[in-house]
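*Asks:* Below are the sequence and a predicted model for it; my questions follow.
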Amino acid sequence: KIQLTTKDEKIVIQLLALLTDLCEDYQNENICYYQLLALVEIIERNVDASSQVSPIIAPQKSISLILKHIRKHIFDTNLLSLDAISQQFNFTKNHLGSYFKQETGQSVKQYISYYRMELIAKKIRESELSLSEIAFQFGYVDESHFYKSFKKHYATSPSEYRKQYKNKKS
């Protein structure tokens, strides 16, 4: 597992796409060879850089990457399971759980639930979608579960929340 810089990550993605397109045809093997060399050079550069990261900085970077992963994949529950996250970031499930709690003060599940509710509230405030549509967008198959979860988080129902927000706006 190599952590690439943002710039290198973009380059690697482009190189892989180019290699996929070019290497289907044997006429481009020299170009493919040089693209592979560029890819190896980027990996080498990042392996060297990641081995020089001090242990004090590494945990902060790890938690920010985990949080970024959660925010990026909030609509894909398969990528938000403890198994998937721990595998993605090379943790055991137990270590991920305790590390996440230590860094954020919440469990992974609590954070995901909190973040999802924040997005739901924003969607309720800023869109004209029905509450059923919003519930479905966020993966709730049972509207009553959606209502209960929202009410537990905000101490009001989604419909009351929308009314309160519209009253403040006008």
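*Replies:* Nice, thanks for sending it over. Numbering: from 1, shown residues only.
*Asks:* list the contacts for residue 69?
*Replies:* By C-beta atoms under 8 Å, 6 or more residues apart in numbering, the residues touching residue 69 are 79, 85, 88, 89. Glycine gets a C-beta too; all of them are placed from N, C-alpha and C.
*Asks:* Just list the residues touching residue 158, thanks.
*Replies:* 120, 124, 131, 134, 146, 147, 150, 151.
*Asks:* 7 Å instead?
*Replies:* 124, 131, 147, 150 (C-beta atoms under 7 Å, 6 or more residues apart in numbering).
*Asks:* who wins for most neighbours among the residues you listed?
*Replies:* residue 150 (24 neighbours; other C-beta atoms under 10 Å).
*Asks:* nearest residue to that residue other than its sequence neighbours?
*Replies:* Distance criterion C-beta to C-beta, 6 or more residues apart in numbering; nearest residue to residue 150, sequence neighbours excluded, is residue 158 at 4.8 Å.
*Asks:* Residue 18 is in what secondary structure piece?
*Replies:* Here residue 18 sits within helix 6-22, counting by DSSP states H and E.
*Asks:* Can you list the buried residues in that helix?
*Replies:* Across helix 6-22, burial judged by 16 or more other C-beta atoms under 10 Å covers 8, 12, 15, 18, 19.
*Asks:* measure the third one to residue 108 for me?
*Replies:* According to C-beta to C-beta, to the nearest Å, residue 15 stands 33 Å off from residue 108.
*Asks:* Likewise for the last one?
*Replies:* When distances are taken as C-beta to C-beta, residue 19 and residue 108 turn out to be 35 Å apart.
*Asks:* got the residue ranges for the helices in this structure?
*Replies:* Secondary structure of the chain (DSSP state H): helices located at 6-22, 29-51, 57-72, 82-88, 93-104, 108-126, 131-137, 143-154, 158-169.
*Asks:* Need the ones you listed in JSON lines (columns: mean pLDDT).
*Replies:* Output for the helices of the chain, formatted as JSON lines (pLDDT from 0 to 100):
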{"stretch": "helix 6-22", "mean pLDDT": "77"}
{"stretch": "helix 29-51", "mean pLDDT": "71"}
{"stretch": "helix 57-72", "mean pLDDT": "79"}
{"stretch": "helix 82-88", "mean pLDDT": "92"}
{"stretch": "helix 93-104", "mean pLDDT": "93"}
{"stretch": "helix 108-126", "mean pLDDT": "94"}
{"stretch": "helix 131-137", "mean pLDDT": "93"}
{"stretch": "helix 143-154", "mean pLDDT": "94"}
{"stretch": "helix 158-169", "mean pLDDT": "87"}
